[in-house]
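> sequence and predicted structure below; questions after.
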Amino acid sequence: MSEHIVPVKTYVAVWITLMIFTGLTTGVAYIDLKEWNTVVALLIAVIKMSLVVLFFMHIKYASGLTRVLIIGGFFWLGIMLTFTLADELSRHWEINPAAWGPGIIFLHLPHLLNFLPLL
Amino acid sequence: MSEAATHEANPTGLAHQFEDIEQQREASSLGMWAFLVTEIMFFGGLFASYTIYRALHYSAFEWGSRNILEVKWGATNTAILICSSLTMAMAIRSAQVGKKKATTIIYLLVTMLFGAAFLFIKLYFEWRQDWIDGFVPGLHWVFTSAHPSTVEPGVQMFMCFYFFMTGLHALHMVVGLGLLTVLVIMAARGRFTSQYWAPLEISGLYWHFVDIVWIFLFPLLYLIGGRYH
(Lines give C-alpha, C1' and ligand atoms only; values in the text may rest on other atoms or scores of the structure.)
Protein backbone atom coordinates (compact mmCIF):
# COMPACT_ATOMS: atom_id res chain seq x y z
CA MET A 1 0.00 0.00 0.00
CA SER A 2 1.33 3.40 -0.78
CA GLU A 3 0.85 6.93 0.42
CA HIS A 4 -0.48 7.70 -3.01
CA ILE A 5 -3.98 9.16 -2.87
CA VAL A 6 -5.91 8.53 -6.05
CA PRO A 7 -7.58 11.69 -7.43
CA VAL A 8 -11.39 11.75 -7.58
CA LYS A 9 -11.14 12.29 -11.34
CA THR A 10 -9.37 8.94 -11.77
CA TYR A 11 -11.98 7.10 -9.70
CA VAL A 12 -14.84 8.67 -11.65
CA ALA A 13 -13.12 7.95 -14.99
CA VAL A 14 -12.64 4.29 -13.99
CA TRP A 15 -16.27 4.09 -12.86
CA ILE A 16 -17.54 5.54 -16.16
CA THR A 17 -15.34 3.13 -18.13
CA LEU A 18 -16.64 0.18 -16.11
CA MET A 19 -20.24 1.26 -16.70
CA ILE A 20 -19.60 1.64 -20.45
CA PHE A 21 -18.02 -1.83 -20.58
CA THR A 22 -21.01 -3.28 -18.72
CA GLY A 23 -23.32 -1.77 -21.36
CA LEU A 24 -20.98 -2.97 -24.10
CA THR A 25 -20.83 -6.58 -22.89
CA THR A 26 -24.64 -6.64 -22.59
CA GLY A 27 -25.08 -5.08 -26.04
CA VAL A 28 -22.57 -7.36 -27.77
CA ALA A 29 -24.52 -10.39 -26.51
CA TYR A 30 -27.36 -9.37 -28.84
CA ILE A 31 -25.06 -9.37 -31.89
CA ASP A 32 -24.35 -12.69 -33.59
CA LEU A 33 -20.60 -13.28 -33.37
CA LYS A 34 -20.93 -17.09 -33.55
CA GLU A 35 -18.51 -18.73 -31.10
CA TRP A 36 -16.81 -15.39 -30.44
CA ASN A 37 -19.61 -14.08 -28.21
CA THR A 38 -18.24 -15.81 -25.12
CA VAL A 39 -14.67 -14.84 -25.98
CA VAL A 40 -15.59 -11.16 -26.32
CA ALA A 41 -17.65 -11.27 -23.10
CA LEU A 42 -14.73 -12.78 -21.17
CA LEU A 43 -12.25 -10.36 -22.72
CA ILE A 44 -14.39 -7.42 -21.52
CA ALA A 45 -14.65 -9.06 -18.07
CA VAL A 46 -10.84 -9.30 -17.91
CA ILE A 47 -10.48 -5.62 -18.86
CA LYS A 48 -13.03 -4.65 -16.19
CA MET A 49 -11.23 -6.76 -13.61
CA SER A 50 -7.89 -5.14 -14.48
CA LEU A 51 -9.40 -1.66 -14.01
CA VAL A 52 -10.84 -2.58 -10.61
CA VAL A 53 -7.58 -4.21 -9.45
CA LEU A 54 -5.32 -1.42 -10.70
CA PHE A 55 -7.29 1.61 -9.53
CA PHE A 56 -9.95 0.71 -6.96
CA MET A 57 -7.64 -1.81 -5.29
CA HIS A 58 -4.62 0.50 -5.69
CA ILE A 59 -2.33 -2.08 -7.28
CA LYS A 60 -1.07 0.50 -9.77
CA TYR A 61 0.51 2.23 -6.77
CA ALA A 62 1.41 -0.90 -4.78
CA SER A 63 4.79 -2.35 -3.91
CA GLY A 64 6.49 -5.04 -5.97
CA LEU A 65 5.93 -7.57 -3.20
CA THR A 66 2.15 -7.19 -3.32
CA ARG A 67 2.18 -7.39 -7.09
CA VAL A 68 4.26 -10.57 -7.10
CA LEU A 69 1.78 -12.15 -4.67
CA ILE A 70 -1.17 -11.31 -6.91
CA ILE A 71 0.57 -12.40 -10.10
CA GLY A 72 1.47 -15.63 -8.30
CA GLY A 73 -2.18 -16.11 -7.34
CA PHE A 74 -3.38 -15.71 -10.91
CA PHE A 75 -0.55 -17.94 -12.16
CA TRP A 76 -1.73 -20.73 -9.86
CA LEU A 77 -5.32 -20.17 -10.97
CA GLY A 78 -4.03 -20.52 -14.54
CA ILE A 79 -2.36 -23.83 -13.65
CA MET A 80 -5.57 -25.13 -12.09
CA LEU A 81 -7.76 -24.13 -15.05
CA THR A 82 -5.31 -25.19 -17.79
CA PHE A 83 -4.39 -28.57 -16.38
CA THR A 84 -7.94 -29.46 -15.37
CA LEU A 85 -9.32 -28.50 -18.76
CA ALA A 86 -6.44 -30.13 -20.66
CA ASP A 87 -7.34 -33.39 -18.94
CA GLU A 88 -11.12 -33.11 -19.13
CA LEU A 89 -11.40 -31.81 -22.68
CA SER A 90 -8.88 -34.23 -24.21
CA ARG A 91 -10.89 -37.28 -23.16
CA HIS A 92 -14.16 -38.32 -24.64
CA TRP A 93 -16.39 -38.29 -21.62
CA GLU A 94 -19.83 -39.60 -22.17
CA ILE A 95 -22.89 -38.58 -20.29
CA ASN A 96 -23.85 -42.13 -19.49
CA PRO A 97 -24.64 -42.61 -15.80
CA ALA A 98 -24.75 -46.38 -16.28
CA ALA A 99 -21.02 -46.31 -16.94
CA TRP A 100 -20.27 -44.48 -13.72
CA GLY A 101 -20.30 -47.64 -11.56
CA PRO A 102 -20.68 -46.86 -7.85
CA GLY A 103 -20.33 -43.20 -8.75
CA ILE A 104 -23.97 -43.29 -9.82
CA ILE A 105 -24.83 -42.46 -6.20
CA PHE A 106 -23.92 -38.85 -6.99
CA LEU A 107 -26.78 -38.68 -9.45
CA HIS A 108 -29.18 -39.43 -6.61
CA LEU A 109 -27.67 -37.04 -4.08
CA PRO A 110 -30.04 -34.17 -4.95
CA HIS A 111 -32.97 -36.46 -4.06
CA LEU A 112 -31.73 -36.57 -0.48
CA LEU A 113 -32.88 -32.97 -0.24
CA ASN A 114 -36.43 -34.29 -0.46
CA PHE A 115 -36.01 -35.54 3.08
CA LEU A 116 -35.25 -32.04 4.37
CA PRO A 117 -38.87 -31.27 5.35
CA LEU A 118 -38.89 -34.42 7.51
CA LEU A 119 -36.03 -33.17 9.68
CA MET B 1 -5.65 1.71 29.32
CA SER B 2 -8.76 1.42 27.17
CA GLU B 3 -8.53 0.95 23.44
CA ALA B 4 -9.85 4.45 22.77
CA ALA B 5 -7.27 6.00 25.08
CA THR B 6 -4.51 4.08 23.32
CA HIS B 7 -5.80 5.39 20.08
CA GLU B 8 -5.74 9.01 21.22
CA ALA B 9 -2.19 8.63 22.46
CA ASN B 10 -1.19 7.08 19.15
CA PRO B 11 -3.19 8.70 16.32
CA THR B 12 -1.32 6.89 13.55
CA GLY B 13 -2.33 3.52 15.02
CA LEU B 14 1.27 2.34 14.54
CA ALA B 15 1.87 -1.01 16.21
CA HIS B 16 5.25 -1.45 17.86
CA GLN B 17 6.43 -4.30 15.65
CA PHE B 18 6.53 -2.10 12.54
CA GLU B 19 9.27 0.30 11.52
CA ASP B 20 6.85 2.95 10.30
CA ILE B 21 3.23 3.46 9.26
CA GLU B 22 4.12 2.79 5.63
CA GLN B 23 5.42 -0.69 6.45
CA GLN B 24 2.36 -1.38 8.58
CA ARG B 25 0.02 -0.42 5.73
CA GLU B 26 1.86 -2.63 3.30
CA ALA B 27 1.75 -5.55 5.76
CA SER B 28 -2.02 -5.26 6.24
CA SER B 29 -2.65 -4.91 2.53
CA LEU B 30 -0.34 -7.83 1.71
CA GLY B 31 -2.06 -9.99 4.31
CA MET B 32 -5.46 -9.18 2.85
CA TRP B 33 -4.23 -10.01 -0.63
CA ALA B 34 -2.91 -13.36 0.61
CA PHE B 35 -6.45 -14.09 1.81
CA LEU B 36 -7.93 -12.86 -1.47
CA VAL B 37 -5.61 -15.18 -3.42
CA THR B 38 -7.12 -18.12 -1.51
CA GLU B 39 -10.53 -16.71 -2.44
CA ILE B 40 -9.48 -16.56 -6.10
CA MET B 41 -8.57 -20.24 -5.93
CA PHE B 42 -11.83 -21.00 -4.08
CA PHE B 43 -14.02 -19.40 -6.73
CA GLY B 44 -11.57 -20.63 -9.38
CA GLY B 45 -12.51 -24.22 -8.56
CA LEU B 46 -16.15 -23.40 -9.21
CA PHE B 47 -15.30 -21.64 -12.46
CA ALA B 48 -13.21 -24.66 -13.56
CA SER B 49 -16.02 -27.13 -12.88
CA TYR B 50 -18.49 -24.76 -14.52
CA THR B 51 -16.34 -24.79 -17.68
CA ILE B 52 -16.10 -28.57 -17.70
CA TYR B 53 -19.84 -29.07 -17.36
CA ARG B 54 -20.53 -26.36 -19.87
CA ALA B 55 -18.40 -28.28 -22.35
CA LEU B 56 -20.31 -31.48 -21.51
CA HIS B 57 -23.76 -29.90 -21.76
CA TYR B 58 -22.97 -27.22 -24.28
CA SER B 59 -26.41 -26.41 -25.69
CA ALA B 60 -28.26 -27.12 -22.43
CA PHE B 61 -26.23 -24.48 -20.58
CA GLU B 62 -27.02 -21.93 -23.27
CA TRP B 63 -30.66 -22.96 -23.23
CA GLY B 64 -30.87 -22.49 -19.48
CA SER B 65 -29.08 -19.18 -19.62
CA ARG B 66 -31.33 -17.85 -22.40
CA ASN B 67 -34.66 -19.08 -21.10
CA ILE B 68 -34.37 -18.99 -17.33
CA LEU B 69 -32.09 -16.09 -16.44
CA GLU B 70 -32.96 -12.50 -17.24
CA VAL B 71 -30.23 -10.29 -18.68
CA LYS B 72 -31.88 -7.13 -17.32
CA TRP B 73 -31.40 -8.21 -13.68
CA GLY B 74 -27.86 -9.43 -14.28
CA ALA B 75 -26.89 -6.16 -15.98
CA THR B 76 -28.63 -4.02 -13.34
CA ASN B 77 -26.83 -5.85 -10.56
CA THR B 78 -23.49 -5.47 -12.35
CA ALA B 79 -24.06 -1.71 -12.57
CA ILE B 80 -25.10 -1.57 -8.89
CA LEU B 81 -21.93 -3.37 -7.78
CA ILE B 82 -19.71 -1.10 -9.89
CA CYS B 83 -21.35 1.95 -8.29
CA SER B 84 -20.83 0.42 -4.86
CA SER B 85 -17.14 -0.09 -5.66
CA LEU B 86 -16.84 3.60 -6.53
CA THR B 87 -18.45 4.75 -3.27
CA MET B 88 -16.27 2.28 -1.35
CA ALA B 89 -13.14 3.72 -2.96
CA MET B 90 -14.42 7.23 -2.17
CA ALA B 91 -14.99 6.24 1.48
CA ILE B 92 -11.34 5.23 1.81
CA ARG B 93 -10.22 8.38 0.04
CA SER B 94 -12.30 10.62 2.30
CA ALA B 95 -10.44 9.17 5.31
CA GLN B 96 -7.06 9.45 3.56
CA VAL B 97 -7.47 13.15 2.83
CA GLY B 98 -8.81 13.76 6.34
CA LYS B 99 -12.41 14.68 5.53
CA LYS B 100 -14.96 14.86 8.34
CA LYS B 101 -16.05 11.49 9.66
CA ALA B 102 -19.61 12.14 8.47
CA THR B 103 -18.33 12.07 4.86
CA THR B 104 -16.74 8.66 5.34
CA ILE B 105 -19.88 7.37 7.05
CA ILE B 106 -22.13 8.60 4.24
CA TYR B 107 -19.96 6.93 1.59
CA LEU B 108 -20.00 3.70 3.59
CA LEU B 109 -23.77 3.83 4.05
CA VAL B 110 -24.32 4.45 0.33
CA THR B 111 -22.06 1.45 -0.39
CA MET B 112 -24.17 -0.65 1.97
CA LEU B 113 -27.32 0.59 0.27
CA PHE B 114 -26.01 -0.55 -3.12
CA GLY B 115 -25.04 -3.90 -1.60
CA ALA B 116 -28.51 -4.31 -0.08
CA ALA B 117 -30.14 -3.37 -3.40
CA PHE B 118 -28.08 -6.05 -5.13
CA LEU B 119 -29.19 -8.69 -2.63
CA PHE B 120 -32.81 -7.58 -2.83
CA ILE B 121 -32.86 -7.94 -6.63
CA LYS B 122 -31.14 -11.32 -6.36
CA LEU B 123 -33.53 -12.66 -3.73
CA TYR B 124 -36.82 -11.11 -4.72
CA PHE B 125 -36.77 -10.79 -8.51
CA GLU B 126 -34.53 -13.74 -9.34
CA TRP B 127 -34.34 -16.55 -6.78
CA ARG B 128 -37.96 -16.16 -5.66
CA GLN B 129 -39.14 -16.22 -9.27
CA ASP B 130 -36.95 -19.25 -10.03
CA TRP B 131 -38.58 -21.07 -7.13
CA ILE B 132 -42.07 -20.17 -8.31
CA ASP B 133 -41.24 -21.29 -11.84
CA GLY B 134 -39.85 -24.58 -10.54
CA PHE B 135 -36.24 -24.06 -11.53
CA VAL B 136 -34.59 -25.05 -8.25
CA PRO B 137 -32.93 -28.47 -8.72
CA GLY B 138 -33.48 -30.96 -5.94
CA LEU B 139 -35.97 -28.84 -4.03
CA HIS B 140 -38.53 -27.52 -6.46
CA TRP B 141 -37.78 -28.71 -9.95
CA VAL B 142 -40.76 -28.72 -12.31
CA PHE B 143 -39.57 -29.15 -15.85
CA THR B 144 -42.79 -28.93 -17.84
CA SER B 145 -43.39 -30.46 -21.25
CA ALA B 146 -43.12 -27.04 -22.88
CA HIS B 147 -39.37 -27.39 -22.43
CA PRO B 148 -37.32 -29.67 -24.66
CA SER B 149 -36.68 -32.75 -22.53
CA THR B 150 -33.39 -33.61 -24.27
CA VAL B 151 -31.61 -30.72 -22.58
CA GLU B 152 -33.11 -31.35 -19.16
CA PRO B 153 -30.16 -32.96 -17.29
CA GLY B 154 -27.87 -30.22 -18.58
CA VAL B 155 -30.29 -27.46 -17.65
CA GLN B 156 -30.57 -28.90 -14.17
CA MET B 157 -26.79 -28.90 -13.92
CA PHE B 158 -26.68 -25.31 -15.17
CA MET B 159 -29.16 -24.23 -12.50
CA CYS B 160 -27.10 -26.06 -9.84
CA PHE B 161 -24.09 -24.01 -10.88
CA TYR B 162 -26.21 -20.88 -11.02
CA PHE B 163 -27.47 -21.27 -7.46
CA PHE B 164 -24.12 -22.36 -6.05
CA MET B 165 -22.14 -19.57 -7.71
CA THR B 166 -24.62 -16.75 -7.12
CA GLY B 167 -25.36 -18.15 -3.65
CA LEU B 168 -21.70 -18.19 -2.67
CA HIS B 169 -21.30 -14.72 -4.11
CA ALA B 170 -24.35 -13.46 -2.21
CA LEU B 171 -22.91 -14.98 0.98
CA HIS B 172 -19.75 -12.95 0.37
CA MET B 173 -21.92 -9.87 -0.09
CA VAL B 174 -23.59 -10.49 3.28
CA VAL B 175 -20.16 -10.81 4.92
CA GLY B 176 -19.16 -7.59 3.14
CA LEU B 177 -22.20 -5.81 4.56
CA GLY B 178 -21.17 -7.02 8.02
CA LEU B 179 -17.66 -5.61 7.51
CA LEU B 180 -19.15 -2.30 6.35
CA THR B 181 -21.35 -2.15 9.46
CA VAL B 182 -18.24 -2.50 11.62
CA LEU B 183 -16.51 0.22 9.58
CA VAL B 184 -19.46 2.60 10.07
CA ILE B 185 -19.28 2.05 13.84
CA MET B 186 -15.49 2.56 13.83
CA ALA B 187 -15.86 5.72 11.75
CA ALA B 188 -18.60 7.04 14.07
CA ARG B 189 -16.25 6.52 17.02
CA GLY B 190 -13.64 8.59 15.21
CA ARG B 191 -11.19 5.73 14.83
CA PHE B 192 -9.99 6.75 11.38
CA THR B 193 -7.53 9.55 10.71
CA SER B 194 -5.61 10.63 7.63
CA GLN B 195 -2.83 8.42 9.01
CA TYR B 196 -4.86 5.40 10.07
CA TRP B 197 -7.32 3.89 7.60
CA ALA B 198 -6.07 0.32 7.16
CA PRO B 199 -9.43 -1.28 8.15
CA LEU B 200 -11.15 0.77 5.43
CA GLU B 201 -8.51 -0.20 2.87
CA ILE B 202 -8.56 -3.96 3.51
CA SER B 203 -12.36 -4.14 3.74
CA GLY B 204 -12.40 -2.19 0.48
CA LEU B 205 -10.11 -4.81 -1.10
CA TYR B 206 -12.59 -7.49 -0.06
CA TRP B 207 -15.56 -5.52 -1.41
CA HIS B 208 -13.86 -4.93 -4.77
CA PHE B 209 -12.92 -8.60 -4.94
CA VAL B 210 -16.58 -9.60 -4.56
CA ASP B 211 -17.36 -7.10 -7.33
CA ILE B 212 -14.78 -8.78 -9.60
CA VAL B 213 -16.31 -12.22 -9.00
CA TRP B 214 -19.65 -10.82 -10.17
CA ILE B 215 -17.99 -9.20 -13.21
CA PHE B 216 -17.15 -12.77 -14.32
CA LEU B 217 -20.39 -14.39 -13.16
CA PHE B 218 -22.49 -11.95 -15.18
CA PRO B 219 -21.27 -12.95 -18.69
CA LEU B 220 -20.79 -16.63 -17.76
CA LEU B 221 -24.28 -17.11 -16.34
CA TYR B 222 -26.44 -14.50 -18.04
CA LEU B 223 -24.88 -13.98 -21.47
CA ILE B 224 -23.34 -17.26 -22.62
CA GLY B 225 -23.91 -18.12 -26.24
CA GLY B 226 -25.21 -14.64 -27.00
CA ARG B 227 -28.78 -13.34 -26.92
CA TYR B 228 -29.34 -12.75 -30.64
CA HIS B 229 -31.84 -15.59 -31.16
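In hand now; what should we look at?

> every contact and neighbour count from this point should use C-alpha atoms.
Noted.

> what strand or helix carries the closest residue in space to B:Phe125 that isn't next to it in sequence?
Excluding its sequence neighbours, the residue lying closest to B:Phe125 (CA to CA, 6 or more residues apart in numbering or on different chains) is B:Trp73, at 7.9 Å. Assigning secondary structure by DSSP states H and E places B:Trp73 in helix B:71-96.

> next structured bit after that helix?
Sequence order places helix B:101-120 as the next helix or strand after helix B:71-96, per DSSP H and E.

> chain A: helices as residue ranges?
Applying DSSP state H to chain A gives helices spanning A:8-28, A:36-51, A:64-90, A:105-112.

> what of chain B?
Using DSSP H, helices in chain B cover B:3-9, B:21-56, B:58-67, B:71-96, B:101-120, B:128-132, B:152-188, B:198-217.

> tell me what angle the second one forms with helix B:58-67.
When axes from the mean of the first three to the mean of the last three CA atoms, to 10 degrees is applied, the directions of helix B:21-56 and helix B:58-67 differ by 110 degrees.

> what helices or strands is helix B:21-56 leaning on?
In this structure, helix B:21-56 packs against helix A:64-90, helix B:152-188, helix B:198-217, with contacts taken as 3 or more CA pairs under 8 Å, 6 or more residues apart in numbering or on different chains; DSSP states H and E.

> just want the angle from that helix to helix B:152-188.
If you take the same axes, to 10 degrees, helix B:21-56 sits at 170 degrees to helix B:152-188.

> which stretches of chain A have low pLDDT?
For chain A, residues meeting the criterion pLDDT under 70 lie at A:1-3, A:92-107, A:119.

> hmm, back to that, buried sites along the helix holding B:Trp73?
Neighbour counts over helix B:71-96 (16 or more other CA atoms under 10 Å in any protein chain shown) mark B:71, B:73-75, B:77-96 as buried.

> ranking the helices and strands packed on helix B:21-56 by burial, who's on top?
Most buried of the helices and strands packed on helix B:21-56 by mean neighbour count (mean count of other CA atoms under 10 Å in any protein chain shown) is helix B:198-217; its value is a mean of 23.

> from the contact counts, what lies against that helix?
Helix B:198-217 sits against helix A:36-51, helix B:21-56, helix B:71-96, helix B:152-188, with contacts defined as 3+ CA pairs under 8 Å, 6+ apart.

> how about JSON lines for the ones you listed, with distance to A:Pro7 added?
Formatted as JSON lines, the helices and strands packed on helix B:198-217 follow (distance: least, CA to CA, whole Å):
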{"stretch": "helix A:36-51", "distance to A:Pro7": "15"}
{"stretch": "helix B:21-56", "distance to A:Pro7": "19"}
{"stretch": "helix B:71-96", "distance to A:Pro7": "9"}
{"stretch": "helix B:152-188", "distance to A:Pro7": "22"}
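
> good, we can wrap up now.
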